[in-house]
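1. My questions are about this predicted structure, shown below with the sequence.
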Amino acid sequence: VFVGHPDLRRILMYPEFNRVRHLVKDHKLPKDWLIYGGVDIGSGGLKGHPAAIVFVGVKPNFKEGRVFLGWRGDRINTTAGDILRKFQEMKGDMKPIAQFYDWQSKDFFTIASRVGEPFQPAEKNHDFGEGVLNVLFKNDMLKIYDSDELKKLCQELEQVRKSTMKIKAKDDFIDALRYACAKIPWDFTNLGVKLEKRLEEDKRSDRQKFYDGEKKEDNDG
C-alpha cells in the first residue's frame, strides 16, 4: 500500500509516516542523546487495549529522535504493578530525562511513587500529540528501529484512521509514543510549524532552560 496516495492521506491519522523513510536499522545511540519514556497502561485484560511502553532517544539539539525500544503487551493480563515492573526491566540502567504516563491510571502513579520511580502526567491532548508526530515524520526528525516489536508500532501508524472511534482504535503503541514525544521540547523553529501556541511556547522555554542548565524536571505527578 502506498501511504503517500492522496486518498489515503485524507483518511489516515498519521499520513506522514512512511515505513521506507522512517524504519531504520538499529544502532547504538550516542552517549549524549537524551532518553524519554512513555507508558500507556491500557485496560489490563486479554481483550480490549493492551499496555504499551516506548523509549525515545533525542539528539541534544532536539532536532532528531529515534524510537529505539518498545513493547506492547498483546494477549496477556496486566496490572499496574506488572506494567511498572516491565518498564523498569526495559529501562535497565538508563536514566531518562523524563518519563510520562497516562494520568488516568492513579494506581500506576501510586505504585511507581512508592518505589521511587518518577513519572510525569502525559500530554493527552490527542490533536496536539497527533500534530507533533506528523510534523516529526514529515520532516524526517523521528525514525523507528527495525525490530520485531517496533514493527507493531509501524503497523498501527499505517492503519489507524481518523474515522475510527477511539474505543475501537488499535493505537495503544501510538498512545505510548505520543506520551513520550508530546512534551519533548523539539526544535521546530526553522520549519514554519504552527502548533498550539501556549504549549509550543512552553517547549521553547524548557529547551532554553535545558541549555542554560536550569531545567529541573517536576516528577511529582
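-> Nice, I can see it. Numbering: from 1, shown residues only.
2. buried set for stretch 62-82?
-> Residues of stretch 62-82 classed as buried: 62, 64-73, 78, 80 (neighbour count, 16 or more other CB atoms under 10 Å). C-beta coordinates here come from the backbone N, C-alpha and C atoms, glycine included.
3. Nearest the geometric middle of the chain, what residue?
-> Closest to where the C-alpha atoms of the chain average out (CA atoms, centre = their mean) is Leu177, at 1.9 Å.
4. returning to that earlier point: out of the buried residues of stretch 62-82, who's nearest Tyr14?
-> Minimum distance to Tyr14 across these is 13.1 Å, recorded for Val67 (CB to CB).
5. Look at the closest one and give its secondary structure.
-> When classified by DSSP: H, G, I helix; E, B strand; the rest coil, Val67 comes out as strand.
6. Could you measure from it over to Gln88?
-> 19 Å (CB to CB, to the nearest Å).
7. likewise Ser163?
-> Distance of Ser163 to Gln88, computed by CB to CB: 37 Å.
8. Which one's more surrounded, the two?
-> A direct count of neighbours by other CB atoms under 10 Å for Ser163 and Gln88 places Gln88 higher, at 12 against 9.
9. Leaving out chain neighbours, which residue sits closest to the more buried one?
-> Spatial nearest neighbour of Gln88, chain neighbours left out: Glu117 (6.8 Å); criterion: CB to CB, 6 or more residues apart in numbering.
10. List the contacts of the one you found.
-> Taking CB atoms under 8 Å, 6 or more residues apart in numbering, we find Glu117 in contact with Leu84, Phe87, Gln88, Gln99.
11. wouldn't Phe100 be in contact with Val39 here?
-> Yes: between Phe100 and Val39 there is a contact at 7.1 Å, judged by CB atoms under 8 Å.
12. shared neighbours, the two?
-> Taking CB under 8 Å, 6+ apart as the contact rule, the neighbours common to Phe100 and Val39 are Phe119, Tyr179.
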